[in-house]
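1. How does the following fold in three dimensions:
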Amino acid sequence: MDCSGSEEHVKRERAKARELRKSRWWQNLSDRASCYYCQQPLTKATMTMDHVVPLSQGGFSKPGNIVPACKPCNTRKRDESAVVLALALDRPR
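-> This is a model prediction of the structure:
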């Protein structure tokens, strides 16, 4: 049975994302991060973790699907895919 996008899937993947936030991979990324969408420099205090393919659409909490984003871009993106936000920002990806 495919649970992608289900409440159970989202809950499980959010737990994995919390663990990834503690990982050396995320810590190294946060040292030199800029927003994936608007390219503005980020600090550890202003950086958020965004899923390019949202968990609600079957995305996973893996480094290939997680990017640093500023709070305004992450909020604007919401449950949409990164393509929708890129088109809205008129920045091709």
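2. Pull the contacting residues for the closest residue to A82 other than its chain neighbours.
-> Sequence neighbours aside, V52 is the residue nearest to A82 in space, at 4.4 Å (criterion: C-beta to C-beta, 6 or more residues apart in numbering). C-beta here means a position set from N, CA and C on the backbone, and glycine is covered the same way. Counting by C-beta atoms under 8 Å, 6 or more residues apart in numbering, V52 makes contact with 36, 59, 65-67, 81-82.
3. if I pick R21, what's in contact with it?
-> M49.
4. Which SSE is immediately downstream of the helix ranked longest in the chain?
-> Criterion DSSP state H: the longest helix present in the chain is helix 7-21. Counting by DSSP states H and E, the next helix or strand C-terminal to helix 7-21 is helix 24-30.
5. buried residues in that following helix?
-> 26, 29-30 (16 or more other C-beta atoms under 10 Å).
6. I'd like the residues you listed as TSV, with distance to K44 and pLDDT appended.
-> Conversion of the buried residues of helix 24-30 to TSV gives the following (distance: C-beta to C-beta, whole Å; pLDDT from 0 to 100):
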residue	distance to K44	pLDDT
W26	10	94
L29	10	89
S30	5	87
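7. low pLDDT regions in the chain?
-> Confidence mapping of the chain against pLDDT under 70 gives the ranges 1-4, 85-93.
8. all strands of it, in order?
-> 47-51, 66-70 (DSSP state E).
9. which one of these has the most crowded surroundings?
-> strand 66-70 (a mean of 23; mean count of other C-beta atoms under 10 Å).
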